[in-house]
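In: Quick one, structure for this:
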Amino acid sequence: MKKDTQIVSVGRDKKWTKGVINPPVFRASTMVFDTMEEMRFATKNRAKGEMFYGRRGGPTHFAFQAAIAGLEGGVGTALYPSGSAAISGALLSFLKAGDHLLMVDTAYEPTRDLCNKLLAGFGIETTYYDPMIGAGIEALIKPNTKVLFLESPGSITMEIQDVPSLAKVAHQHGLTVILDNTWASPINSRPFEMGVDISIQAATKYIVGHSDVMMGTATSNEAHWDQLRENSYLMGQCTSPDDVYLASRGLRTLGVRMQQHERNALKVANWLQSRPEVDHIRHPAFDTCPGHEFFKRDFSGSNGLFSFVLKEGSLNSVTALVENMAHFKMGFSWGGFESLILGVFGIDRLRTATHWDSSKPLIRLHVGLEDPDDLIADLQAGFERFNQALK
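Out: Numbering: from 1, shown residues only. Below you'll find the model as predicted:
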């Protein structure tokens with residue numbers, strides 16, 4: 001199937017949908033059985049989608065899990081109440097006291113906090129590495145290294161990693177490769193074809209698409225699925241069927257939304273590139289973004305999220321730019337239909353394996369589904385305020 005057809009078709013087995021176009025919401029904590037034989041069968045086959053207990057999920061969950069696994073190319077998908085929960089659930093499924101983790105230096109800040117605070121307390125050591133290290137990652141692998149964690153593009157600064165090279169080296173040493181694949185969504189890259197073992201989505205973002213649900217997914221290849229599924233269950237990870245229903249409904253329009261986000265963002269980014277205030281664009285589709293060559297090789301499209309770096313600026317001038325926007329709103333998430341803007345400071349304090357020059361302010365945009373000409377006019381007014389504040 002072509003991608004757009006797959007988005008509409010996956011996860012619609014009548015066993016789960018009961019013949020309804022959108023899988024109904026099945027709310028249940030307890031399943032009851034007429035016979036001991038039925039109960040034993042459900043218990044034995046609970047990992048295969050038999051109704052067993054509410055935390056294992058029901059038809060609403062099973063349909064959505066099948067859809068995500070089908071789109072990402074894995075064999076199974078575990079659900080979590082947030083993207084951060086998916087990251088912690090996946091890491092804790094494959095790490096124990098005494099193990100060593102290789103974590104990309106550009107990871108999402110809560111992921112870094114998880115490593116430095118929770119995992120460190122569990123006796124798990126973390127080494128941060130340059131996202132552009134490629135096959136050089138081999139020099140950082142220790143006898144007790146168990147997991148290589150990737151996030152591509154990197155959070156805020158958008159570096160694209162050479163995932164196939166990193167995964168190849170990791171597998172030569174028996175490591176599990178986990179990728180935060182949220183930027184690509186389930187449709188703009190093929191993580192398992194690149195050697196990834198577990199692909200994570202903050203479904204809060206583009207899958208849901210409407211800024212009204214918190215959810216995470218972790219999709220696994222066959223070799224890692226049993227361990228991921230069972231350990232996540234032991235940690236009590238589960239999601240509301242009402243939230244899963246909204247995610248399932250959002251999923252069906254993912255393709256058309258991503259195309260529009262991409263078109264809008266590229267138009268805005270090209271306009272920004274012409275601005276005298278802008279030093280460079282950190283959008284994977286631009287050659288000014290580190291790892292642009294890997295984006296061209298490994299991704300089938302982009303989205304609405306990118307950053308740009310200013311040639312100069314202060315807290316006062318950046319504040320003047322981002323405040324009082326008509327269409328861009330200030331907010332920490334992304335992936336919804338609305339446009340967002342953030343002035344990001346202190347990136348250098350979040351990097352230990354790489355250097356970031358914080359003398360040049362960075363602005364992160366999520367370009368939504370508004371008319372891009374209106375968004376450009378909004379930014380034009382913002383730059384006027386910025387330049388006035390610089391005087």
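In: for the protein, which spans come out with low pLDDT?
Out: Confidence mapping of the chain against pLDDT under 70 gives the ranges 47, 49.
In: Do you have the strands of it handy? List them.
Out: 76-80, 100-104, 125-129, 145-151, 176-180, 198-201, 216-220, 278-282, 305-310, 329-330, 340-344, 362-366 (DSSP state E).
In: Just put the ones you listed in JSON lines and tack on mean neighbour count and distance to Gln6.
Out: For the C-beta atoms, the positions are set from N, CA and C on the backbone; glycine is no exception. Formatted as JSON lines, the strands of the chain follow (neighbours: other C-beta atoms under 10 Å; distance: least, C-beta to C-beta, whole Å):
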{"stretch": "strand 76-80", "mean neighbour count": "26", "distance to Gln6": "15"}
{"stretch": "strand 100-104", "mean neighbour count": "23", "distance to Gln6": "29"}
{"stretch": "strand 125-129", "mean neighbour count": "20", "distance to Gln6": "34"}
{"stretch": "strand 145-151", "mean neighbour count": "24", "distance to Gln6": "24"}
{"stretch": "strand 176-180", "mean neighbour count": "27", "distance to Gln6": "20"}
{"stretch": "strand 198-201", "mean neighbour count": "30", "distance to Gln6": "16"}
{"stretch": "strand 216-220", "mean neighbour count": "29", "distance to Gln6": "14"}
{"stretch": "strand 278-282", "mean neighbour count": "19", "distance to Gln6": "30"}
{"stretch": "strand 305-310", "mean neighbour count": "22", "distance to Gln6": "23"}
{"stretch": "strand 329-330", "mean neighbour count": "12", "distance to Gln6": "33"}
{"stretch": "strand 340-344", "mean neighbour count": "20", "distance to Gln6": "29"}
{"stretch": "strand 362-366", "mean neighbour count": "23", "distance to Gln6": "25"}
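In: which residues touch Gly58?
Out: Shown in contact with Gly58 (C-beta atoms under 8 Å, 6 or more residues apart in numbering): Phe26, Arg27, Ala28, Met51, Pro241.
In: so can I have JSON lines of the residues you listed showing distance to Gly195 and neighbour count?
Out: Formatted as JSON lines, the contacts of Gly58 follow (distance: C-beta to C-beta, whole Å; neighbours: other C-beta atoms under 10 Å):
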{"residue": "Phe26", "distance to Gly195": "36", "neighbour count": "19"}
{"residue": "Arg27", "distance to Gly195": "39", "neighbour count": "11"}
{"residue": "Ala28", "distance to Gly195": "38", "neighbour count": "14"}
{"residue": "Met51", "distance to Gly195": "35", "neighbour count": "19"}
{"residue": "Pro241", "distance to Gly195": "34", "neighbour count": "22"}
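In: could I get the residues you listed as TSV with distance to Ala135?
Out: Shown next, in TSV, are the contacts of Gly58 (distance: C-beta to C-beta, whole Å):
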residue	distance to Ala135
Phe26	47
Arg27	49
Ala28	49
Met51	46
Pro241	44
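In: Okay, and which of the residues you listed map to helices?
Out: Those of the contacts of Gly58 mapping onto helices are Pro241, per DSSP state H.
In: so how far is Lys329 from the residue most central in space within the chain?
Out: The centroid of the chain falls nearest to Thr182 when counting by C-alpha atoms, centre = their mean (1.9 Å). As judged by C-beta to C-beta, to the nearest Å, Thr182 and Lys329 stand 20 Å apart.
In: Val344 now?
Out: As judged by C-beta to C-beta, Val344 and Lys329 stand 16 Å apart.
In: repeat for Thr352
Out: From Thr352 across to Lys329, the span is 32 Å (C-beta to C-beta).
In: cool, and Trp183?
Out: 20 Å.
In: same check, this time on Ala170
Out: Noted for Ala170: a distance of 39 Å to Lys329, by C-beta to C-beta.
In: Also Leu150?
Out: 30 Å.
In: Check the contact between Ser165 and Ile133; I expect there is one.
Out: No: in this structure, Ser165 is not within contact of Ile133 by C-beta atoms under 8 Å, at 9.2 Å.
In: Mind checking which of those two has more residues around it?
Out: Ile133 (21 against 17; other C-beta atoms under 10 Å).
In: Give the full set of residues in contact with that one.
Out: Leu140, Leu166.
In: just Asp130 next, same as before
Out: Contacts of Asp130 by C-beta under 8 Å, 6+ apart are Asp105, Ala353, Thr354.
In: Quick one: buried ones out of those?
Out: The neighbour count (16 or more other C-beta atoms under 10 Å) marks Asp105, Thr354 as buried among the contacts of Asp130.
In: out of the contacts of Asp130, who's nearest Leu246?
Out: Asp105 (34.1 Å; C-beta to C-beta).
In: Now do the contacts for that closest one.
Out: Asp105 neighbours (C-beta under 8 Å, 6+ apart): Tyr128, Tyr129, Asp130, Pro131, Gly154, Arg351, Thr352, Ala353, Thr354.
In: where do the helices sit along the stretch 101-250 of the chain?
Out: Using DSSP state H, counting those that start in this stretch, the helices of the stretch 101-250 of the chain run over 109-113, 120-121, 163-172, 222-234, 241-251.
In: Can I get the ones you listed in TSV including distance to Leu362?
Out: Output for the helices of the stretch 101-250 of the chain, formatted as TSV (distance: least, C-beta to C-beta, whole Å):
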stretch	distance to Leu362
helix 109-113	14
helix 120-121	28
helix 163-172	24
helix 222-234	34
helix 241-251	29
